[in-house]
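In: sequence and predicted structure, then a few things I'm wondering about:
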Amino acid sequence: MKRLSKYIIVAMLFVCVACSTKTSELPAEYNVVAAKPKIYPDYSDVVVPCNIAPLVFRVTEEGDDFVTRLAAGDKAFVYGGREVAPAVDDWHSLLTQAVGGKIDVEVYAAKAGSWEKFEPFSIAVSGDSIDRYISYRLIPPSYVAYEKLTISQRDLSGFEESVIYNNKFISSEPDGQCINCHAYKNYKTDNMQFHVRQHLGGTVFVHNGKAKKVNMKTDSTISAGVYPFFNPKYDVVAYSVNTTGQIFHTKNPNKVEVQDQASDVIIYDPVREVVTHVADDPDCLEVFPAWSPDGKMLYYCSSRIPRVDGMPLVESLIRNYKDIKYDVLRRPWNPQTGEFGAVDTVFAASSLGKSATFPRVSPCGRYLLFALAEYGCFHIWHKDADLYVLNLATGDCHPLEKANSPFPESYHSWSSTGRWIVFASRRDDTNYSRLYIAHINDDGTSEKAFLLPQSESEFYDFFDRSYNVPEFMIEPVKITPHEFAEVVKGDAVNVKYTSDF
């Protein structure tokens, strides 16, 4: 028999038996397979937080029956059948035993009346806890099904999910809406925002627990606010303002290209209801602002506009979309005077023939996390897009090799401790974005990323929506969806533009 040893091991194992679908006892006799079992999701040899939900998986090997044993310290549980679904309490008891160590996993398969034991694997359990909550947008694979969009939140210690806002409350086609760009200040929800586009459009802005709708468009800005980032120390929010368009490819494997056709960076004061420019170079596209942890440095991305003499700007951008390459820049900010200092280039991706997007500084201030691809700003569609980390003190830059895949890695966020990141990846089936979590080590490297756990291993096989814009939170959103809907239906506060912020 292929991969089997030529001897039979007789084992006497004493374990706690968990609920099962078939056999729930370990076989006494088995042949040894010199390979780890195939499972989905692939949770083998990952590093997980000490407070994460159960890693439910199924064995995808051929066989008539299966038995799996999970063990840590003096705790052990056995599961019969393909599906390995620990109860939440049982799983957390294993995590407690395994902190700083690992959960050992043994898989047995019955074939033609005899048992095989695969090479064991482990799940390492870090003492670094993860923020308890996460939020994300769920979007179907369509560009017109606005009423099916939701912004949802999830308790990472279990499987409970709830809706923050759902378009179905107040709109349907032809008066559809697009909801996007939810963001929080310091991982808390008393200061947060999300956008409502088209019907009853505006920015739903929560300031110190009170929600309002804001119209951020002025005669001096390209658009209302688009991509937001709350200053962690001061009462201002940075936004890009954008005019965007989409190209639908017929041959390019990247399928869709979302482009800036014009973009600047502004900041908004929610108390005075005023905005002002930070970056508005007419020869550049400027997007994706992000504050440093001390609130005194603003990072953003900038690309030179590829102009062709005699050709309209939009046509030039469409024809030369591969020439749009963003660098990461930053400007110091004085919160006392409201003034910004000189521009500094942090990462010159364009000099490498690349494009860097979504800069995010770690909570400790040491590392800059960003997505890097060949061109463009919307890397969620770019198969070559990978996550990179730049050491801001030394300038060392490297890919997160254990977290990346051959498929798009895009929108990413730091946990409040800086020990974990979450990001969107299309590695599962190339069509849907799923959320992956990875541990970040002291040197800025990562461990193997693991798929956001669900209560059933088949969940992603049938779930027909993509996860988008994952953001960590240390508490859930407290305003109800219906309360948000009333805000959306109300009048918007109009902001004013000022050159003297």
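Out: Received the coordinates, thanks.
In: could you point out which element follows the strand ranked longest in the chain?
Out: Counting by DSSP state E, the longest strand found in the chain is strand 256-269. Going down the chain from strand 256-269, the next helix or strand is strand 274-279, by DSSP states H and E.
In: pLDDT averaged over the helix or strand that comes right after that following strand, what's the number?
Out: Later in the chain than strand 274-279, the nearest helix or strand by DSSP H and E is strand 284-291. Per-residue pLDDT values across strand 284-291 average out to 97.
In: contacts for strand 284-291?
Out: Strand 284-291 is contacted by residues 226-232, 238-240, 242, 260, 262-265, 278-280, 297-305, 324, 326, 357-361, 377 when judged by CB atoms under 8 Å, 6 or more residues apart in numbering. Quick note: C-beta positions are derived from backbone N, CA and C, even for glycine.
In: now Met297, which residues is it bridged with?
Out: In this entry, Met297 is beta-bridged to Pro332, by DSSP bridges.
In: likewise for Asn215?
Out: Asn494.
In: name all residues that make contact with it.
Out: 202-203, 224, 492-495.
In: how many neighbours does Ser223 have?
Out: By the criterion of other CB atoms under 10 Å, Ser223 has 18 neighbours.
In: so it is in which element?
Out: Going by DSSP H and E, Ser223 is not in any helix or strand.
In: any idea how far Phe484 is from it?
Out: Distance from Ser223 to Phe484, counting by CB to CB, to the nearest Å: 22 Å.
In: what do you get for Val59?
Out: 42 Å.
In: before we move on, what about Ala124?
Out: 40 Å.
In: just Pro470 next, same as before
Out: 20 Å.
In: more neighbours: which of these two?
Out: Higher neighbour count among Pro470 and Phe484: Phe484, with 25 against 22, using other CB under 10 Å.
In: helices of this structure, start to end?
Out: With DSSP state H, the ranges of helices along the chain come out as 88-98, 313-319, 459-462, 481-489.
In: out of the ones you listed, flag the one nearest Tyr367.
Out: Closest approach to Tyr367 among the helices of the chain (CB to CB): helix 88-98, 26.7 Å.
In: centroid-nearest residue for the protein?
Out: Phe423 (2.9 Å; CA atoms, centre = their mean).
In: quick one: that residue and Val278, what's the gap?
Out: From Phe423 across to Val278, the span is 26 Å (CB to CB).
In: ok, Phe194 next?
Out: 22 Å.
In: go on, His182?
Out: 22 Å.
In: more neighbours: which of those two?
Out: Higher neighbour count among His182 and Val278: His182, with 25 against 21, using other CB under 10 Å.
In: pLDDT score for Tyr146?
Out: According to the prediction, Tyr146 has pLDDT 66.
In: what about Lys102, how many residues nearby?
Out: Around Lys102 there are 17 residues (other CB under 10 Å).
In: who are the contact partners of it?
Out: Going by CB under 8 Å, 6+ apart, Lys102 touches 72, 122-125.
In: which pair in those spans the largest distance?
Out: Pairwise distances across the contacts of Lys102 peak at 10.6 Å for Ala72 and Ala124 (criterion: CB to CB).
In: what about the residue lying closest to Cys301 once chain neighbours are set aside, distance to Glu286?
Out: Closest residue to Cys301 apart from its sequence neighbours, by CB to CB, 6 or more residues apart in numbering: Tyr326 at 4.0 Å. From Tyr326 across to Glu286, the span is 9 Å (CB to CB).
In: okay, and the common contacts of those two?
Out: Common neighbours of Tyr326 and Glu286, using CB under 8 Å, 6+ apart, are 301-302.
In: more neighbours: which of the two?
Out: Comparing Tyr326 with Glu286 by other CB under 10 Å, the one with more neighbours is Tyr326, at 31 against 25.
In: doesn't Ala349 make contact with the more buried one?
Out: Yes - with contact defined as CB atoms under 8 Å, Tyr326 reaches Ala349; the gap is 6.4 Å.
In: now for the two: what residues contact both?
Out: Common contact partners of Tyr326 and Ala349 (CB under 8 Å, 6+ apart): 355-356.
In: Pro27 touches Phe66, doesn't it?
Out: No - contact status for Pro27 versus Phe66: not in contact, 10.6 Å apart, counting by CB under 8 Å.
In: what sits in contact with each of those two?
Out: Here Pro27 and Phe66 have 108, 110 as joint contacts, going by CB under 8 Å, 6+ apart.
In: what separates Ala124 from Thr68, distance-wise?
Out: Distance, Ala124 to Thr68, by CB to CB: 18 Å.
In: what is the burial count for the nearest residue to Leu285 once chain neighbours are set aside?
Out: For Leu285, ignoring the flanking residues on the chain, the nearest one in space by CB to CB, 6+ apart is Asp260 at 4.3 Å. Number of residues near Asp260 (other CB under 10 Å) recorded here: 25.
In: so that it lines up with my notes, have the first residue be 20 from now on.
Out: Done: numbering now begins at 20, and the last item shifts to Asp279.
In: state the distance from Asp279 to Thr436.
Out: The gap separating Asp279 from Thr436 is 33 Å, by CB to CB.
In: burial measure for Lys315, as a count.
Out: Neighbours of Lys315 under the rule other CB under 10 Å: 15.
In: from the contacts of strand 303-310, which ones fall inside strands?
Out: Those of the contacts of strand 303-310 lying in strands (DSSP E): 245-249, 257-259, 261, 279, 281-284, 297-298, 316-323, 376-380.
In: filter the residues you listed down to just the buried residues.
Out: Among the ones in strands among the contacts of strand 303-310, those classed as buried by 16 or more other CB atoms under 10 Å are 245-249, 257-259, 261, 279, 281-284, 297-298, 316-322, 376-380.
In: what sits against the residue nearest to Phe267 when sequence neighbours are not counted?
Out: In space, and not counting its chain neighbours, Phe267 is closest to Val275: 5.9 Å by CB to CB, 6+ apart. Residues near Val275 by CB under 8 Å, 6+ apart: 265-268, 397, 400.
In: want to try TSV for these, with neighbour count as columns?
Out: Output for these, formatted as TSV (neighbours: other CB atoms under 10 Å):
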residue	neighbour count
Gln265	11
Ile266	15
Phe267	9
His268	12
Phe397	23
Trp400	21
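In: out of these, who's nearest Ile493?
Out: For the contacts of Val275, the nearest to Ile493 is Phe397 (28.9 Å; CB to CB).
In: hmm, that closest one is touching Lys274, no?
Out: No - using CB under 8 Å, Phe397 is not in contact with Lys274, being 11.2 Å away.
In: which stretches of this protein have low pLDDT?
Out: For the chain, the stretches with pLDDT under 70 are 20-42, 161-166, 192-193.
In: now do 80
Out: Applying pLDDT under 80 to the chain flags residues 20-43, 160-166, 190-196, 263-278, 336-337, 400.
In: okay, and the beta partners of the closest residue in space to Cys69 that isn't next to it in sequence?
Out: Excluding the flanking residues, the one nearest Cys69 by CB to CB, 6+ apart is Val118, at 4.9 Å. Partner residues in beta bridges with Val118, using DSSP bridges, are Val144.
In: quick one: contacts for Val118?
Out: 69, 144-146.
In: between those residues, which is closest to Gly463?
Out: If you rank the contacts of Val118 by distance to Gly463 using CB to CB, Ser145 comes first, at 16.0 Å.
In: what's the neighbour count on that closest one?
Out: Neighbours around Ser145, by other CB under 10 Å: 20.
In: same check, this time on Val507
Out: Neighbourhood size, Val507 [other CB under 10 Å]: 23.
In: also Pro289?
Out: As a burial measure, Pro289 scores 20 neighbours (other CB under 10 Å).
In: tell me the bridge partners for the nearest residue to it once chain neighbours are set aside.
Out: Nearest residue to Pro289, sequence neighbours excluded (CB to CB, 6+ apart): His226, at 4.7 Å. Beta bridges link His226 to Lys229, judged by DSSP bridges.
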